[in-house]
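Colleague: sequence and predicted structure are below.
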Amino acid sequence: MNTKTPNGPLSPGNVFRRFFLLLGDFGLVFFQTLRNIFRKPLEKNIFLQQLEEVGVRSLPVVILTSAFGGLVFSLQTYVGFHRYVGPGSEAYGGPIISLGLCKEFIPILVGLMVSGRVGSAMAAEIGTMKITEQIDALYSLGADPNKYLVVPRTLACIFMLPCLTLFGDAIGITAGYFYNVVLMKVNGVVYLRNTLIYLELWDILSGLIKAAFFGLIIAIVGCWQGMKTEGGAKGVGKATTVTVVVASISILIVNFFLSKALPATLSQ
Amino acid sequence: MIRIENLHKSFGNNKVLLGINLKIEKGESMCIIGQSGSGKSVLIKHMIGLLKPDEGKIFIDGMEVTGLGEREWMSVRKKFGMLFQGAALFDSLTVGQNVRFGLERYTDYSDTHIDEIVRDSLEKVGLIGIEHLMPHELSGGMKKRVALARAIAYSPEIVLYDEPSTGIDPIRADAINDMIIMLKKEMKITSVVITHDIISAYKVSDRIAMLYQGKIIQTGSPEDIRHSDHPVIQQFIKGEAQGPIENW
Ligand SMILES: Nc1ncnc2c1ncn2[C@@H]1O[C@H](COP(=O)(O)OP(=O)(O)O)[C@@H](O)[C@H]1O
Ligand SMILES: [Mg+2]
């Protein structure tokens, strides 16, 4: 709570120093949270509230984005097969669409949407508590703000992001089927059979694992920015903006490395 | 009870406290006066471990708390109740949940017993039957009283008041002063009151300390302060724009 980033001219040395101070600051929140997750008791009420906030209330956004994400993805896959493999081959697009959606498209979409919706709200709520001395009040009343505020939010995000992603997978795949079979009159039997043969359970699972990491990123970045808010309403605004930017970029970067690290398939 | 030795604190280049020495005895009520921005809140936050000193020592009941870790501070903080400048009620919790917050963490009383104490504490500050209200439904004066009920609910030995009468009308402010006096008498609480309102300071305190340019320039009874020949104190208690104090 006493770490401060130095202000001053943007000399290379200063930028470097600032970057590592920020990183250290973030790391502190990160490791404190991981440690506190295993310390009882869990703040159940806040955890349940956050499950609703992160999960249930994100459903409309996830439904809309997954549906339209699935539609455009299918549209271009159809164009691709039609053009390069030839008319009649469009039904082979089924597994490609499902694979792309489950492994990359939906987890990223859900991650970005939830950063914007939930990560920013966490930064704003905790940031407001910070500037109105509610964080100090927590300390004075025997509560550890990390345990009281950050841990339930982090757990809720880690748990809910995979759930939302699974839900989005179903919507996206359905949208893909709808576009190909219903709108473009692709052979439905071939489309479905190919999908069922070539889509593995691991394709879905690895997407869910990634989503859990994205949840962790969103919650920690949002709470970290909230806890270090200062300077009134302007500071709260800045914390929300920084949260969305940092969480979104981190999700895209971490996503690449997870895609690389997780095996492409589990069956030999 | 609380002893502060040579306390220094800066934020970046802003040197706020430059060697504070202060002793607050058990059961007394000490007022710290000083202009806005002189570091009164910073000083009081050191007493409860919300800020850590750059230099100097703090003793609570004879125990040095300066180097304590966060977990050890938790058990020291149990002795303190704090009324924050802006009340700092948790705005996602009801009045009742706010007042019981410390009780749930500092005591192992049963739920029904906690309910009773919550009712008693609210009654002490003159509020009855408002447990179910949310903080945003309360007026400024009521918020401060709820915050006071929350700070005293778990019977702390020391209560820190950060500008208890600022931002509310004079009549309500005086009612808060009466409450501070009543709590001191009834519960034998040690009080540390921060204020820039000299009338309140005379009324509630046994001793007054004046904070100026990072140091305590004088400590004494209200009478001593009233008759002080220190020009800064004279200017402060008379509220004059002209004098040694600049940059208000
Ligand atoms: N957490 C903080 N970070 C940086 N500066 C602070 C912080 N808290 C207080 N200050 C600075 O310390 C000085 C004293 O503030 P404060 O103790 O709030 O004054 P007051 O006597 O009005 O309560 C101010 O200049 C303020 O800007
Ligand atoms: Mg203050």
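Modeller: Looks like it came in fine. Ligands and ions are numbered 1, 2, ... in the order given.

Colleague: how about A:F26: what's its closest non-neighbour residue?
Modeller: A:W224 (5.4 Å; Cβ to Cβ, 6 or more residues apart in numbering or on different chains). In this view, the C-beta of every residue, glycine as well, is placed from N, C-alpha and C.

Colleague: just checking, B:K143 touches B:L133?
Modeller: No: the criterion here is Cβ atoms under 8 Å, and B:K143 misses it with B:L133 at 10.5 Å.

Colleague: ok, those two, which is more surrounded?
Modeller: Set B:K143 next to B:L133 and count neighbours by other Cβ atoms under 10 Å in any protein chain shown: B:K143 wins out with 22 against 15.

Colleague: phi and psi next, for A:T33.
Modeller: Main-chain torsions, A:T33, degrees, to the nearest 10: phi -70, psi -50.

Colleague: same check, this time on the one 5 residues further on
Modeller: In terms of degrees, to the nearest 10, the main-chain angles of A:F38 are phi -90, psi 0.

Colleague: what's the neighbour count on it?
Modeller: Residues near A:F38, counting by other Cβ under 10 Å, number 7.

Colleague: who in chain B is up against ligand 1?
Modeller: Proximity of chain B to ligand 1 (Cβ under 6 Å from any ligand atom) is limited to residues B:F11, B:N14, B:V16, B:G34, B:S36, B:G37, B:S38, B:G39, B:K40, B:S41, B:V42.

Colleague: ranking by neighbours, what's the top pick from these?
Modeller: B:G39 (25 neighbours).

Colleague: just checking, what packs against the helix or strand containing A:A170?
Modeller: Using DSSP states H and E, A:A170 sits within helix A:151-177. Contacting helix A:151-177 under the criterion 3 or more Cβ pairs under 8 Å, 6 or more residues apart in numbering or on different chains; DSSP states H and E are the following elements: helix A:12-37, helix A:44-54, helix A:59-80, helix A:93-100, helix A:106-114, helix A:188-198, helix A:201-227.

Colleague: let's go with 10 Å and repeat that
Modeller: Judged by 3 or more Cβ pairs under 10 Å, 6 or more residues apart in numbering or on different chains; DSSP states H and E, the packing partners of helix A:151-177 are helix A:12-37, helix A:44-54, helix A:59-80, helix A:93-100, helix A:106-114, helix A:120-131, helix A:188-198, helix A:201-227.

Colleague: hang on, the earlier thing: can you list residues touching both of B:K143 and B:L133?
Modeller: Common contacts of B:K143 and B:L133, defined by Cβ atoms under 10 Å, 6 or more residues apart in numbering or on different chains, comprise B:V95.

Colleague: neighbours of the residue nearest to A:F47 when sequence neighbours are not counted, how many?
Modeller: Among residues not flanking A:F47 along the chain, A:P152 sits closest, at 4.0 Å (Cβ to Cβ, 6+ apart). When neighbours are counted by other Cβ under 10 Å, A:P152 registers 22.

Colleague: residue ranges for the helices of chain B, please.
Modeller: Along chain B, counting by DSSP state H, helices occupy B:40-47, B:70-77, B:95-106, B:111-124, B:140-152, B:170-187, B:198-204, B:222-226, B:231-238.

Colleague: for these, which one ends up most surrounded?
Modeller: When the helices of chain B are scored by mean count of other Cβ atoms under 10 Å in any protein chain shown, the highest mean neighbour count falls to helix B:140-152 (a mean of 24).

Colleague: let me see the contact set for the spatially most central residue of chain B.
Modeller: Centroid check for chain B by Cα atoms, centre = their mean gives B:Y161 as the closest residue, at 2.0 Å. Residues counted as contacts of B:Y161 (Cβ under 10 Å, 6+ apart) are B:29, B:31-32, B:44, B:81-85, B:144, B:147-148, B:151, B:176-177, B:179-180, B:183, B:191-195, B:200, B:204.

Colleague: these also near chain A: which ones?
Modeller: On the criterion Cβ under 10 Å from any Cβ of the partner chain, B:G81, B:M82, B:L83, B:F84, B:Q85, B:A147, B:A151 are the entries of the contacts of B:Y161 that sit beside chain A.

Colleague: where in the chain is pLDDT low?
Modeller: Assuming you mean chain A. Of all residues in chain A, those with pLDDT under 70 make up the ranges A:1-10, A:268.

Colleague: actually chain B
Modeller: Confidence mapping of chain B against pLDDT under 70 gives the ranges B:246-248.

Colleague: can you do 80?
Modeller: Residue ranges of chain B with pLDDT under 80: B:167-168, B:245-248.

Colleague: just to revisit the earlier point, what residues of the helix holding A:A170 count as buried?
Modeller: In terms of neighbour count (16 or more other Cβ atoms under 10 Å in any protein chain shown), helix A:151-177 has its buried residues at A:151-173, A:175-177.

Colleague: what's the answer for stretch A:248-263, then?
Modeller: A:S248, A:S250, A:I251, A:V254, A:N255, A:L258.

Colleague: out of those residues, which comes closest to A:G55?
Modeller: A:I251 (17.9 Å; Cβ to Cβ).

Colleague: and the residue lying closest to the closest one once chain neighbours are set aside, what does it touch?
Modeller: Nearest residue to A:I251, sequence neighbours excluded (Cβ to Cβ, 6+ apart): A:G111, at 4.4 Å. By Cβ under 10 Å, 6+ apart, the contact set of A:G111 is A:119, A:161, A:164-165, A:210-211, A:213-215, A:217-218, A:247-248, A:250-252, A:254-255.
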